[in-house]
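J.: 3D, please:
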Amino acid sequence: MPHSQPTLILVHESEKACFDRLVADGYPAERATEISSYLAQSTDLAPEFGQLAAACERRGLAFMAVELDDATAVLAKANPQATLVWTLTDGVAYFRGGAAPAMARLNGLRTIGADDSLFALCQDKFRSGAVLAALGLPVPPAGLARNGTWLVEPPASPAGWFVKPNRLGAKIGIWPDSRITDPGHALELSRRVFAHYRDDVVVQPYVAGRNVRASFLGLKQETGMEALGIAFVESGADFQTMADSMALYGDTGQAAREAGIYAEPELEPVAASQPAADQAIRAMAQKLIAGLGLRDVFSIDLRVEADDTIHLIEFEVCPGLPCFDFRDYCRRQWGMGLADAMAETAANRLRA
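T.: Numbers count the residues shown, from 1 in each chain. Below you'll find the predicted structure:
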(Lines give C-alpha, C1' and ligand atoms only; values in the text may rest on other atoms or scores of the structure.)
Protein backbone atom coordinates (compact mmCIF):
# COMPACT_ATOMS: atom_id res chain seq x y z
CA MET A 1 0.00 0.00 0.00
CA PRO A 2 1.54 3.35 -0.99
CA HIS A 3 1.88 5.33 2.21
CA SER A 4 1.17 8.66 0.51
CA GLN A 5 -1.88 7.68 -1.55
CA PRO A 6 -5.27 8.32 0.09
CA THR A 7 -6.56 4.90 1.09
CA LEU A 8 -9.87 3.46 2.24
CA ILE A 9 -9.44 0.40 4.47
CA LEU A 10 -12.58 -1.68 4.95
CA VAL A 11 -12.25 -3.91 8.01
CA HIS A 12 -14.60 -6.88 8.20
CA GLU A 13 -15.04 -10.08 10.19
CA SER A 14 -15.93 -13.12 8.10
CA GLU A 15 -18.62 -15.65 8.86
CA LYS A 16 -16.06 -18.46 8.67
CA ALA A 17 -13.68 -16.86 11.17
CA CYS A 18 -16.55 -16.36 13.58
CA PHE A 19 -17.89 -19.89 13.01
CA ASP A 20 -14.49 -21.49 13.62
CA ARG A 21 -13.97 -19.49 16.81
CA LEU A 22 -17.43 -20.37 18.17
CA VAL A 23 -16.97 -24.07 17.46
CA ALA A 24 -13.58 -23.96 19.19
CA ASP A 25 -15.38 -22.35 22.15
CA GLY A 26 -17.77 -25.31 22.39
CA TYR A 27 -20.81 -24.13 20.43
CA PRO A 28 -22.56 -26.84 18.37
CA ALA A 29 -22.12 -26.33 14.63
CA GLU A 30 -25.82 -25.48 14.13
CA ARG A 31 -25.69 -22.73 16.74
CA ALA A 32 -22.38 -21.43 15.40
CA THR A 33 -23.93 -21.26 11.92
CA GLU A 34 -26.90 -19.26 13.23
CA ILE A 35 -24.75 -16.83 15.18
CA SER A 36 -22.15 -16.30 12.46
CA SER A 37 -24.96 -15.69 9.93
CA TYR A 38 -25.33 -12.19 11.38
CA LEU A 39 -22.01 -11.44 9.67
CA ALA A 40 -23.50 -12.23 6.27
CA GLN A 41 -22.95 -8.68 5.08
CA SER A 42 -19.26 -9.52 5.01
CA THR A 43 -20.02 -12.53 2.80
CA ASP A 44 -22.41 -10.57 0.60
CA LEU A 45 -20.06 -7.63 0.01
CA ALA A 46 -16.91 -9.66 -0.70
CA PRO A 47 -17.82 -10.34 -4.38
CA GLU A 48 -18.03 -6.56 -4.87
CA PHE A 49 -14.61 -5.69 -3.48
CA GLY A 50 -13.38 -5.37 -7.07
CA GLN A 51 -16.15 -2.87 -7.83
CA LEU A 52 -15.28 -0.97 -4.68
CA ALA A 53 -11.61 -0.84 -5.67
CA ALA A 54 -12.53 0.45 -9.13
CA ALA A 55 -14.92 3.05 -7.69
CA CYS A 56 -12.17 4.23 -5.34
CA GLU A 57 -9.58 4.33 -8.12
CA ARG A 58 -11.86 6.59 -10.19
CA ARG A 59 -11.71 9.02 -7.27
CA GLY A 60 -7.96 8.79 -6.74
CA LEU A 61 -8.12 6.42 -3.77
CA ALA A 62 -6.58 3.07 -3.06
CA PHE A 63 -8.83 0.41 -1.50
CA MET A 64 -7.97 -2.39 0.89
CA ALA A 65 -10.39 -5.00 2.26
CA VAL A 66 -8.86 -6.32 5.48
CA GLU A 67 -10.12 -9.22 7.57
CA LEU A 68 -10.37 -8.39 11.24
CA ASP A 69 -7.66 -10.83 12.29
CA ASP A 70 -5.20 -9.03 10.00
CA ALA A 71 -6.26 -5.52 10.97
CA THR A 72 -3.81 -5.00 13.83
CA ALA A 73 -0.77 -5.31 11.57
CA VAL A 74 -2.29 -3.40 8.64
CA LEU A 75 -3.55 -0.45 10.68
CA ALA A 76 -0.23 -0.15 12.50
CA LYS A 77 1.50 0.53 9.15
CA ALA A 78 -1.12 2.94 7.78
CA ASN A 79 -0.42 6.63 7.23
CA PRO A 80 -2.67 8.68 9.56
CA GLN A 81 -2.70 11.61 7.13
CA ALA A 82 -3.93 9.56 4.19
CA THR A 83 -5.99 6.68 5.61
CA LEU A 84 -9.69 6.26 6.35
CA VAL A 85 -10.95 3.16 8.18
CA TRP A 86 -14.50 1.90 7.56
CA THR A 87 -15.64 -0.90 9.87
CA LEU A 88 -18.16 -3.16 8.14
CA THR A 89 -19.07 -5.51 10.98
CA ASP A 90 -19.56 -4.63 14.64
CA GLY A 91 -19.86 -6.74 17.77
CA VAL A 92 -18.59 -7.08 21.32
CA ALA A 93 -19.87 -10.53 22.31
CA TYR A 94 -20.00 -13.20 19.59
CA PHE A 95 -18.48 -10.84 17.03
CA ARG A 96 -15.38 -8.71 17.47
CA GLY A 97 -15.72 -6.00 14.83
CA GLY A 98 -16.19 -3.37 17.52
CA ALA A 99 -12.42 -3.62 18.08
CA ALA A 100 -11.65 -2.13 14.64
CA PRO A 101 -12.56 1.53 15.30
CA ALA A 102 -10.72 1.30 18.63
CA MET A 103 -7.63 -0.01 16.81
CA ALA A 104 -7.97 2.81 14.29
CA ARG A 105 -8.07 5.35 17.12
CA LEU A 106 -5.07 3.70 18.75
CA ASN A 107 -3.12 4.28 15.53
CA GLY A 108 -4.37 7.84 15.02
CA LEU A 109 -6.44 6.94 11.95
CA ARG A 110 -9.62 8.64 10.82
CA THR A 111 -12.78 6.55 10.70
CA ILE A 112 -16.15 6.43 8.99
CA GLY A 113 -18.90 5.99 11.52
CA ALA A 114 -19.60 6.52 15.18
CA ASP A 115 -17.23 6.70 18.11
CA ASP A 116 -15.98 3.23 19.07
CA SER A 117 -17.86 3.36 22.39
CA LEU A 118 -21.14 3.19 20.45
CA PHE A 119 -20.05 -0.04 18.79
CA ALA A 120 -20.25 -1.63 22.23
CA LEU A 121 -23.40 0.16 23.38
CA CYS A 122 -25.58 -0.68 20.38
CA GLN A 123 -24.86 -4.40 20.76
CA ASP A 124 -26.19 -4.50 24.34
CA LYS A 125 -29.92 -3.90 24.00
CA PHE A 126 -30.61 -3.53 27.72
CA ARG A 127 -27.90 -0.94 28.29
CA SER A 128 -28.57 0.95 25.06
CA GLY A 129 -32.28 1.04 25.91
CA ALA A 130 -31.47 2.62 29.26
CA VAL A 131 -29.38 5.31 27.55
CA LEU A 132 -32.05 5.98 24.92
CA ALA A 133 -34.69 6.31 27.64
CA ALA A 134 -32.46 8.74 29.54
CA LEU A 135 -32.34 10.88 26.39
CA GLY A 136 -36.14 11.00 26.43
CA LEU A 137 -36.57 8.84 23.33
CA PRO A 138 -39.61 6.54 22.98
CA VAL A 139 -37.91 3.19 23.54
CA PRO A 140 -40.04 0.46 25.19
CA PRO A 141 -38.99 -0.17 28.83
CA ALA A 142 -37.36 -3.54 29.42
CA GLY A 143 -36.90 -6.37 31.84
CA LEU A 144 -33.87 -8.65 31.75
CA ALA A 145 -33.74 -12.40 32.39
CA ARG A 146 -30.89 -14.90 32.48
CA ASN A 147 -31.44 -18.64 32.16
CA GLY A 148 -34.86 -18.63 33.85
CA THR A 149 -34.17 -15.95 36.46
CA TRP A 150 -35.30 -12.33 36.43
CA LEU A 151 -32.49 -9.81 36.82
CA VAL A 152 -34.98 -7.00 36.22
CA GLU A 153 -38.70 -7.78 36.01
CA PRO A 154 -40.52 -6.37 33.00
CA PRO A 155 -43.23 -3.71 33.36
CA ALA A 156 -46.90 -4.63 33.17
CA SER A 157 -48.24 -4.84 29.63
CA PRO A 158 -51.89 -5.56 28.66
CA ALA A 159 -50.71 -6.23 25.08
CA GLY A 160 -48.18 -8.85 26.20
CA TRP A 161 -44.41 -8.79 25.79
CA PHE A 162 -41.68 -9.34 23.26
CA VAL A 163 -38.59 -11.43 24.06
CA LYS A 164 -35.25 -11.10 22.28
CA PRO A 165 -31.61 -11.93 22.99
CA ASN A 166 -29.72 -9.08 24.57
CA ARG A 167 -26.50 -9.16 22.56
CA LEU A 168 -27.07 -11.32 19.49
CA GLY A 169 -26.93 -9.29 16.32
CA ALA A 170 -29.58 -6.67 15.79
CA LYS A 171 -32.74 -8.65 15.22
CA ILE A 172 -35.95 -8.30 17.19
CA GLY A 173 -36.78 -12.00 17.65
CA ILE A 174 -35.45 -15.52 17.29
CA TRP A 175 -38.46 -17.86 17.21
CA PRO A 176 -42.12 -17.47 16.19
CA ASP A 177 -43.16 -17.55 19.86
CA SER A 178 -41.06 -14.51 20.75
CA ARG A 179 -44.28 -12.55 21.28
CA ILE A 180 -45.83 -13.77 24.54
CA THR A 181 -48.74 -13.13 26.91
CA ASP A 182 -47.38 -15.03 29.94
CA PRO A 183 -44.27 -13.73 31.76
CA GLY A 184 -43.51 -17.33 32.70
CA HIS A 185 -43.01 -18.06 29.02
CA ALA A 186 -40.42 -15.29 28.92
CA LEU A 187 -38.42 -17.20 31.50
CA GLU A 188 -38.77 -20.37 29.41
CA LEU A 189 -37.50 -18.46 26.37
CA SER A 190 -34.62 -17.13 28.48
CA ARG A 191 -33.63 -20.69 29.31
CA ARG A 192 -33.81 -21.61 25.62
CA VAL A 193 -31.73 -18.58 24.59
CA PHE A 194 -29.15 -19.28 27.30
CA ALA A 195 -28.87 -22.93 26.26
CA HIS A 196 -28.52 -22.03 22.57
CA TYR A 197 -26.55 -18.79 22.67
CA ARG A 198 -25.32 -18.23 26.27
CA ASP A 199 -27.13 -14.89 26.32
CA ASP A 200 -29.64 -12.99 28.45
CA VAL A 201 -33.02 -11.90 27.08
CA VAL A 202 -34.62 -8.48 27.00
CA VAL A 203 -38.36 -8.58 27.74
CA GLN A 204 -40.24 -5.49 26.53
CA PRO A 205 -43.93 -4.61 26.30
CA TYR A 206 -45.19 -5.58 22.86
CA VAL A 207 -45.67 -2.48 20.72
CA ALA A 208 -48.01 -2.40 17.74
CA GLY A 209 -47.33 -0.84 14.39
CA ARG A 210 -45.50 -1.44 11.14
CA ASN A 211 -41.77 -2.11 10.97
CA VAL A 212 -39.70 0.85 9.79
CA ARG A 213 -36.04 1.14 8.84
CA ALA A 214 -34.35 4.53 8.70
CA SER A 215 -31.02 4.52 6.83
CA PHE A 216 -28.38 7.22 6.65
CA LEU A 217 -25.19 7.75 4.68
CA GLY A 218 -23.47 11.10 5.00
CA LEU A 219 -22.11 11.02 1.48
CA LYS A 220 -21.20 14.71 1.74
CA GLN A 221 -19.75 16.35 4.83
CA GLU A 222 -22.68 18.74 5.17
CA THR A 223 -25.36 16.05 4.77
CA GLY A 224 -28.22 16.46 7.25
CA MET A 225 -31.41 14.65 8.17
CA GLU A 226 -32.99 15.54 4.85
CA ALA A 227 -30.95 12.58 3.53
CA LEU A 228 -32.38 10.09 6.01
CA GLY A 229 -34.22 7.33 4.11
CA ILE A 230 -37.29 6.18 6.06
CA ALA A 231 -39.28 3.21 4.80
CA PHE A 232 -41.86 0.72 5.97
CA VAL A 233 -40.42 -2.80 5.64
CA GLU A 234 -43.23 -5.15 4.66
CA SER A 235 -42.29 -8.82 4.90
CA GLY A 236 -45.77 -10.17 5.59
CA ALA A 237 -44.81 -11.01 9.17
CA ASP A 238 -45.09 -9.07 12.40
CA PHE A 239 -41.41 -9.51 13.20
CA GLN A 240 -38.29 -11.16 11.84
CA THR A 241 -37.08 -14.51 13.18
CA MET A 242 -33.66 -16.13 12.91
CA ALA A 243 -34.93 -18.27 10.03
CA ASP A 244 -36.26 -15.19 8.21
CA SER A 245 -32.91 -13.45 8.58
CA MET A 246 -30.89 -16.41 7.35
CA ALA A 247 -33.12 -16.69 4.27
CA LEU A 248 -32.18 -13.16 3.17
CA TYR A 249 -28.40 -12.95 3.57
CA GLY A 250 -25.12 -14.78 3.17
CA ASP A 251 -24.77 -18.32 1.84
CA THR A 252 -28.32 -19.24 2.88
CA GLY A 253 -29.72 -16.26 1.04
CA GLN A 254 -27.69 -17.16 -2.04
CA ALA A 255 -29.05 -20.69 -1.90
CA ALA A 256 -32.58 -19.27 -1.70
CA ARG A 257 -31.88 -17.17 -4.80
CA GLU A 258 -30.59 -20.18 -6.71
CA ALA A 259 -33.67 -22.19 -5.67
CA GLY A 260 -35.98 -19.39 -6.80
CA ILE A 261 -37.51 -18.93 -3.34
CA TYR A 262 -35.73 -15.72 -2.34
CA ALA A 263 -38.18 -12.92 -1.53
CA GLU A 264 -37.15 -9.48 -0.32
CA PRO A 265 -39.50 -7.50 1.88
CA GLU A 266 -41.21 -4.58 0.17
CA LEU A 267 -40.12 -1.03 0.98
CA GLU A 268 -42.59 1.86 1.09
CA PRO A 269 -41.61 5.45 1.95
CA VAL A 270 -43.18 6.44 5.25
CA ALA A 271 -43.66 10.01 4.02
CA ALA A 272 -46.05 8.81 1.31
CA SER A 273 -48.74 7.79 3.82
CA GLN A 274 -47.65 9.17 7.20
CA PRO A 275 -45.72 12.43 6.66
CA ALA A 276 -46.03 13.44 10.33
CA ALA A 277 -44.34 10.20 11.41
CA ASP A 278 -41.62 10.78 8.81
CA GLN A 279 -40.86 14.23 10.24
CA ALA A 280 -40.92 12.92 13.82
CA ILE A 281 -38.39 10.21 12.92
CA ARG A 282 -36.06 12.81 11.37
CA ALA A 283 -36.25 14.84 14.59
CA MET A 284 -35.54 11.68 16.59
CA ALA A 285 -32.52 10.87 14.44
CA GLN A 286 -31.18 14.37 15.01
CA LYS A 287 -31.53 13.80 18.74
CA LEU A 288 -29.56 10.54 18.40
CA ILE A 289 -26.82 12.41 16.56
CA ALA A 290 -26.66 15.13 19.19
CA GLY A 291 -27.12 12.92 22.25
CA LEU A 292 -25.26 9.75 21.24
CA GLY A 293 -22.84 10.86 18.56
CA LEU A 294 -24.15 8.88 15.60
CA ARG A 295 -22.54 10.06 12.38
CA ASP A 296 -21.59 9.19 8.80
CA VAL A 297 -23.49 5.90 8.47
CA PHE A 298 -26.14 4.29 10.65
CA SER A 299 -29.64 2.83 10.72
CA ILE A 300 -32.57 2.96 13.12
CA ASP A 301 -35.28 0.33 13.58
CA LEU A 302 -38.72 1.51 14.67
CA ARG A 303 -42.38 0.58 14.89
CA VAL A 304 -44.89 3.17 13.67
CA GLU A 305 -48.57 3.00 14.51
CA ALA A 306 -51.39 4.27 12.29
CA ASP A 307 -51.84 7.34 14.55
CA ASP A 308 -48.15 8.26 14.04
CA THR A 309 -47.08 6.94 17.45
CA ILE A 310 -43.40 6.00 17.16
CA HIS A 311 -41.53 3.31 19.08
CA LEU A 312 -37.73 3.28 18.81
CA ILE A 313 -36.50 -0.32 18.82
CA GLU A 314 -32.75 0.09 18.31
CA PHE A 315 -29.99 1.83 16.39
CA GLU A 316 -27.11 0.30 14.43
CA VAL A 317 -23.69 1.83 13.80
CA CYS A 318 -22.87 -0.87 11.22
CA PRO A 319 -25.99 -1.14 9.08
CA GLY A 320 -26.05 -3.97 6.58
CA LEU A 321 -24.54 -2.10 3.65
CA PRO A 322 -25.08 -4.84 1.04
CA CYS A 323 -28.63 -5.54 2.29
CA PHE A 324 -31.57 -4.83 0.00
CA ASP A 325 -32.81 -1.88 2.06
CA PHE A 326 -29.49 0.00 2.17
CA ARG A 327 -28.90 -0.56 -1.55
CA ASP A 328 -32.38 0.80 -2.22
CA TYR A 329 -31.57 3.82 -0.04
CA CYS A 330 -28.36 4.56 -1.97
CA ARG A 331 -30.25 4.41 -5.26
CA ARG A 332 -33.15 6.57 -4.09
CA GLN A 333 -31.23 9.17 -2.10
CA TRP A 334 -27.90 9.37 -3.88
CA GLY A 335 -28.63 7.92 -7.33
CA MET A 336 -25.71 5.52 -6.94
CA GLY A 337 -24.98 1.86 -6.52
CA LEU A 338 -23.43 0.79 -3.24
CA ALA A 339 -19.79 0.76 -4.40
CA ASP A 340 -19.92 4.29 -5.80
CA ALA A 341 -21.79 5.60 -2.77
CA MET A 342 -19.18 4.16 -0.40
CA ALA A 343 -16.26 5.40 -2.51
CA GLU A 344 -17.73 8.89 -2.88
CA THR A 345 -18.29 9.11 0.87
CA ALA A 346 -14.70 8.06 1.55
CA ALA A 347 -13.29 10.45 -1.02
CA ASN A 348 -15.20 13.37 0.47
CA ARG A 349 -13.91 12.55 3.95
CA LEU A 350 -10.30 12.17 2.80
CA ARG A 351 -10.44 15.51 0.96
CA ALA A 352 -11.69 17.31 4.07
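J.: and Q240, what's its pLDDT?
T.: At Q240, the pLDDT value in this model is 59.
J.: now the stretch 1-150 of the chain, which segments are flagged as low pLDDT?
T.: 1-3 (pLDDT under 70).
J.: residue ranges for the helices of it, please.
T.: 15-24, 29-36, 40-45, 49-57, 68-77, 99-106, 116-121, 125-134 (DSSP state H, counting those that start in this stretch).
J.: packed most tightly, which of those would that be?
T.: Mean neighbours per residue, mean count of other C-beta atoms under 10 Å, is largest over the helices of the stretch 1-150 of the chain for helix 40-45, with a mean of 23. For every residue, glycine as well, the C-beta is placed using N, CA and C.
J.: closest one to A271 among the helices of the stretch 1-150 of the chain?
T.: helix 125-134 (23.5 Å; C-beta to C-beta).
J.: F126 contacts P165, doesn't it?
T.: No: the pair F126 / P165 is not scored as a contact, 10.6 Å apart, by C-beta atoms under 8 Å.
J.: spit out the residues that contact these two alike.
T.: By the contact definition C-beta atoms under 8 Å, 6 or more residues apart in numbering, F126 and P165 are jointly contacted by D200, V202.
J.: all strands of this protein, in order?
T.: Applying DSSP state E to the chain gives strands spanning 7-12, 62-67, 83-87, 110-112, 143-146, 149-152, 161-165, 179-180, 201-205, 210-217, 229-234, 266-269, 297-304, 310-316.
J.: any chance of those strands in a markdown table, plus mean neighbour count and distance to C323?
T.: Listed next are the strands of the chain as a markdown table, based on neighbours: other C-beta atoms under 10 Å; distance: least, C-beta to C-beta, whole Å:
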| stretch | mean neighbour count | distance to C323 |
| --- | --- | --- |
| strand 7-12 | 24 | 14 |
| strand 62-67 | 18 | 18 |
| strand 83-87 | 26 | 16 |
| strand 110-112 | 20 | 17 |
| strand 143-146 | 21 | 29 |
| strand 149-152 | 13 | 32 |
| strand 161-165 | 26 | 19 |
| strand 179-180 | 17 | 24 |
| strand 201-205 | 26 | 23 |
| strand 210-217 | 24 | 9 |
| strand 229-234 | 20 | 11 |
| strand 266-269 | 14 | 11 |
| strand 297-304 | 24 | 9 |
| strand 310-316 | 22 | 11 |
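J.: in CSV, list those strands along with distance to S36.
T.: Listed next are these as CSV, based on distance: least, C-beta to C-beta, whole Å:
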stretch, distance to S36
strand 7-12, 13
strand 62-67, 14
strand 83-87, 17
strand 110-112, 24
strand 143-146, 23
strand 149-152, 27
strand 161-165, 15
strand 179-180, 26
strand 201-205, 20
strand 210-217, 23
strand 229-234, 24
strand 266-269, 27
strand 297-304, 21
strand 310-316, 18
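J.: show me what E234 is bridged to.
T.: With DSSP bridges as the criterion, E234 is bridged to E266.
J.: ok, it - contacts?
T.: R210, N211, P265, E266, L267, E268.
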